[in-house]
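[1] mind folding the following:
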Amino acid sequence: MATNGAQQVFEPVLAAHNTMQSGADRSQKEQAHQFLERFQKSEEAWTATIAMLQAESVDAAAKLFAVTTLKGKIVYDLHQIPRASLPALRDSIMQNLVTFRNGPKPIRLQLCVCLANLAIQWTEWKDVLPLVVSSLGADPSTLPCVLDFLRVLPEEVTHGRKINLTESELVIRTGELIEENAQQALQLLTRYAQSSPAAAQNPQLLNCITSWMREVPLDSIISSPLLKVIVDALSADEPFEAGIECFCSLIAETKDVDETMSAIQVLYPQVIALLPQLTEASKEEDTEKFKGISKVFAEAGEAWVILMARSPVEFRGLVEAVLESASLDKERDAIPYTFKFWYDLKQYLTIEKYMQARLQFVDIYARLVDIMIRHLEYPKPESGDEKDLFEGDRDQEEKFREFRHQMGDVLKDCCEVMGVTECLKKPYDLVQAWVQAYGPQSGPNHVPEWQKLEAPLFAVRAMGRMVPPEENIMLPRLIPLIVQIPDHNKVRFQAVMALGRYTEWTAQHPETLEPQLQYIMTAFEHSTKEVVRAAALSFKFFCNDCASLLVAHVVPLQQFYVTQLNKIPISSQEEITEGVASVIAKVPLEQLYHMFEGYCNPIVESITSAANHATDDASKKLLSDKISILTIFFDWVRPYVKEGQEHPVVKYCEKVSPLLGQLITVFHDSLPILERVCRCWRYMFLSYRTAMLPLLPDIANKLVHGFETSRQGCFLWATAAIVREFAQSEEQLNPNVAASVFQFYEQQAKNFLRILNDLPPEELPDLIEDFFRLASDMALFYPTESITSPLMEDILLAACAALSLLKEEPLLATLHFLRDLLGYGRNLAPSSSFDDTRQQVPEAIRNRVKQLVLGAGVQLVQRIMTGMMYSFPEGCFPDASGVLLDMFELMPEQVANWVQGTVAMLPAGSITAQESERFLTNIKQRIETGDIRMIRTILQDFTTSYRRRNVAPREGLGRLEASRFRFSG
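    Numbers count the residues shown, from 1 in each chain. Okay, the predicted model is just below:
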C-alpha cells in the first residue's frame, strides 16, 4: 500500500492523467500535458511512480504511465539518485515484477526494461543475470518475468546510445552484460524449453531466442535443441507468429553466406519442407499462416540470393517456393514480401558472370510475368455493380492501387531477365486472345470481361521504361492493336496511359504517330475525367518526345490547344501547355515570335478578361491559374539567340510585362496572383538571362513597390533570380548594371527589416525564409558589396531574431546564411568556380566579418544555444552547431566566453555546477590543444543531454528570452 504522503504526491498526477484520458476540452488537456511533462522530469517522480505502482486504488492505465515514467527517469535522470540508493531501487523494481507477474503484460515488460536500463548504468552491479534468475526463476509463477527480462536486456544494451555512458564505458558494460552471459542465457533457454511441452511452445521463449540471436554464435543455436523448438513452432497455432519471427531472424543471420554455409545447409531443407504447409494454408484460406510461411521463403530468398546465382540447380527449389507463394496469394497479402527478392535476384542474373543462372531461371521469370498480370486484374464485384468494384472497401481499393505499381516494378525486373520482346509478347498474346474471344461481343458501353483486357494493358504500360526505342518485333504489332481497343473507361484510361509510355519509340517510328495521336486527342472528349487526365498527360509526352515531328503540324495543334484548354482541369491544362510549348521550342527562330504570339495571345486575353471579373476568391484563383499557364511558355521556350540579335520571346515579354505589373498593383492583397506574377517574371529571367536587361529597371521597380505594399515573400524569390542571373561572376556585365542590381537588393533588404521591426518573427516565418535565402545568394554572388554594406549589422541582428522561431525551414535558411557569411572570415571563400578553384578572401573582408561577429556574437551564441537546448527542430542541429563551430574557428576565446555567459543564464536548477564546469572545461581544453572541430561534438552532446532533461519553463526563459528586433532605417 502507498503511504499517505506518497499518495498526496501522486494524486495531482492521477488527476492530470485522468484529464488526458477524458473528454475534457483542448485547453484542459494542454495544461494536464504540461503538468505531466514537468512531473516526469522532477525528482518527486521517483517516489511517486513507485507509490502509484504499489497502490491498489490506481488503475492499470495510470500504472502503465507510472512505469513508463520510471523508465524515462532511469534512462535520463539516474544521476538524481545517490549510488548508495540504487540497490533499493533495484529491489523495488523486482518486487513490483513479482506483483505484476501475471500481468498486465505491458506493465511487466516495462518493469523489465527499467531493470535492464538500471543494470546498464549501474556498472558496480556485476551479477545481473544470476541475481535475476535466482530471485525470480525459482517460482514457476515468476518465470514469465525472467523471460521478459532476458528478452529486453540485449535490445536495451544494443540501443544504449541513449544511455548516459561514455562510448568506452558502454563497450565494457556490453561485454559484461551480453558477451559474458551469452552462453548462460542459451543454456537457460534450452533448459526451459526442455522442461515441458508447454514451455517449448511458449511464444515468450521464442521471443527470447530472437532477442539473443545476434549475441550467441550461430552454430551454437543450430546445434542446440532450440532449432527444433523454432521449427516445431511453425506447425503449432499459439507460437506460430513468434516462431516465424524467430526463424526469419535466424535466416537473416546467415546473409554472409560464405561464413555460414554449414548453417545454411542445415536450414535450407527445413525451409523447403514448409512448402506443403503453404499449399494447405492456401486451400484452408488461413491468411496468417500463409503470410508467415511466405515471409520465411522471401527472407530466405533475400539472404541466400547470391547462392541462387552461383548454384541455380541446387537452390531452384527456393526460387520456386517464392514463386508459389506469389501464385497462391489470393488476397495479395503476401506478395509484398517477394518484391525485393525478385529485384535482388535480377541484379545478380543480369551480370555476365551469372549468365548460366539467368538461363536456368528464365522460365521462372516467364511464369512470374503471368502471375503478376493475373494479380493486376481488377476484382469482379459479387453485386455486379461496375461502379464500385471493391464494394465499399476503400482500404482494399487503395492497397490494390499501391500494389499494382509495385507489381509493375516486378514486371520491369522480368524485362531485364527475359528480354523486353519476350515480356511484351505475354501481354500482347493476352490482348490478342481477348480480342478473339470477346471482341465480336463488344459494343458501346459493353466490354465483356474487361478486367482481362485492362490488366495486360497495365503491364504494357509498366514495361514501357524498359523497352528501347529500337524494339522492332512486338511494338509494331502491339501499338496498332492498342489504338483499336474498345471504349470502356478503365480500359481506355490504361490504353491512353500505355501509349504515353512509348513516345520515345514513336519518335523513331513516325509512321505510327498519327493514329496514336488521333486516339489520344479523341480521348479529350471522353465522359470520364480520369480518361481526359490520362489523355492530357500522354499528349504532353507525345509533344515532348516527338516535337521535331510535330513542328510541321504546329498550326493544327494550335487550333486543338485553343479548343481544349478551357474544357479540362487546371492540372491537365498545364500538361498540354507543356506539350505544345516543347513543340514551339523547335520552331525556327525567324518564325518564333509569330508562333509564340499565336499561342500566347489567347491566354493573355483570358488573363485580361479574368482580371476584369476577379472579385471573389474563386475568380482570383482562376486568374492565377491563367498566369501559371502563360509562365509555362516562358519556362519551356528557350531559343538560342546570338548576342546583338533581337530575342523574339523577350520581345513578347516586353508586351506582357506591363499587364503583369498592373495585376500586382490591382490585386496587391491576393497572394495567389502575386505569387504567379512573380513566378512568371522569375522564369523570364531564368530563361532569357541577360537578354532581359532592357526590362530590368521596370520589373525591379515593380518588385520593390510590390514587396513594400504587400509584404509577401514571393517578391524576394523573384528578386533572388535577378540577383543570380546578373551576378558579376556570371558574365562580363557593365559594372553599372551590377551596382544597380545590388542597389535593388538593398531596397528589398530595407523593406524586409522595416517589416521585421513592425511585426514579431512568429508572424513572418515564410518571409524570413525567403529573405535569408536571398541574403545567402547575395553573400555568394556579391560578397564584397553585401558584407561591407552598412545594412549587414542590422541583417545579422535580424538573423538573431529569426532564430527564435520554431519552424524548420526559416531556421535552416537563416543558419545557412550565417554559415555562408562566416565562411568569408576564413582565408578561402566558401564558394568555388566550375574548375574547383577557390578564391582567397581579402583581409579587409575577413576583418569585416570578425567585426560583425563581435557586434552580434553575444546574441548569436545565446539564440543558437537556446535553440539547441529548447526549441530547434532536430533537422537544424547540424547547421546550428556548424555556425558555432565557424565562430569558434574565427575567435575561439571570445566565443568560449559568450558560451560561458549563456550557460550562466540558464534557469536555476536546470543544470548542476559540475555539469557546467565539465562542459566549459572540455571546450577550454580543445581550444588550448587547437582541436577546435571537436568543440562541435561537445556542444551537440551537451545541448542534447540538456534538452532530454528540461522543458522550456512556462514563465519563459528569463534572461535568455529573445529580444525584439528594432530597425530605424
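
[2] quick one: residue 794 is in a helix?
    Yes - assessed by DSSP: H, G, I helix; E, B strand; the rest coil, residue 794 belongs to a helix.

[3] what's the closest non-adjacent residue to residue 779?
    residue 820 (4.5 Å; Cβ to Cβ, 6 or more residues apart in numbering). Using the backbone N, CA and C atoms, a C-beta is placed for each residue, glycine as well.

[4] can you count the residues close to that neighbour?
    By the measure other Cβ atoms under 10 Å, the count of residues near residue 820 is 22.

[5] okay, and it sits in which element?
    Under the criterion DSSP states H and E, the helix or strand holding residue 820 is helix 808-823.

[6] run the chain-centre distance for the helix or strand just after that helix.
    Using DSSP H and E, the helix or strand that follows helix 808-823 in sequence is helix 843-866. Between the centre of helix 843-866 and the centre of its chain there are 35 Å (Cα atoms, centre = their mean, to the nearest Å).

[7] what residues does helix 843-866 touch?
    783-784, 787-788, 792-793, 796-797, 799-800, 803-804, 818, 821-822, 824-827, 880, 883-884, 887, 890-891, 894-895, 898-899, 901-903, 905, 939, 943, 957, 960, 962-963 (Cβ atoms under 8 Å, 6 or more residues apart in numbering).

[8] show the pLDDT at the closest residue to residue 551 other than its chain neighbours.
    Leaving aside its sequence neighbours, residue 551 sits nearest to residue 586 (Cβ to Cβ, 6+ apart; 4.4 Å). You'll see residue 586 listed with a pLDDT of 95.

[9] quick one: contacts of stretch 703-719?
    664-665, 668-669, 671, 674-675, 678-679, 681-682, 722, 744-745, 747-748, 751-752, 755, 766-767, 769-771, 773-774.

[10] so in the protein, where's the weakest helix or strand by average pLDDT?
    Counting by mean pLDDT, DSSP states H and E, the weakest-scoring helix or strand in the chain turns out to be helix 4-21, with a mean of 75.

[11] tell me the helix or strand right after it.
    Next element after helix 4-21 (DSSP H and E): helix 26-41.

[12] average pLDDT across that following helix?
    Across helix 26-41, the average pLDDT comes to 85.

[13] got a list of contacts for stretch 198-211?
    Against stretch 198-211 from outside (Cβ under 8 Å, 6+ apart): 144, 147-148, 150-155, 185, 189, 192-194, 221, 226, 229-230, 232-233, 236, 238-239, 241-243, 245-246, 249.

[14] on the three-state scheme, residue 485 is what?
    Going by three-state DSSP: residue 485 is coil.

[15] distance of the closest residue in space to it that isn't next to it in sequence from residue 540?
    Leaving aside its sequence neighbours, residue 485 sits nearest to residue 495 (Cβ to Cβ, 6+ apart; 4.6 Å). As defined by Cβ to Cβ, to the nearest Å, residue 495 lies at a distance of 17 Å from residue 540.

[16] cool, and residue 331?
    For residue 331, the distance to residue 540 - Cβ to Cβ - is 37 Å.

[17] which one of the two has more residues nearby?
    residue 540 (22 against 12).

[18] how about that one, what does it touch?
    500, 575, 576, 578, 579.

[19] in what helix or strand does the last one lie?
    So that's residue 579. helix 570-584.

[20] in that helix, what counts as buried?
    The neighbour-count check on helix 570-584 (16 or more other Cβ atoms under 10 Å) flags 572-584 as buried.

[21] point out the other helices and strands that it packs with.
    helix 529-545, helix 547-550, helix 554-565, helix 589-613, helix 617-636 (3 or more Cβ pairs under 8 Å, 6 or more residues apart in numbering; DSSP states H and E).

[22] what's the spacing between that helix and its chain's center?
    Its chain's average C-alpha position is 30 Å from that of helix 570-584, according to Cα atoms, centre = their mean.

[23] before we move on, what about stretch 874-884?
    On Cα atoms, centre = their mean, the centre of stretch 874-884 falls 20 Å from the chain's centre.
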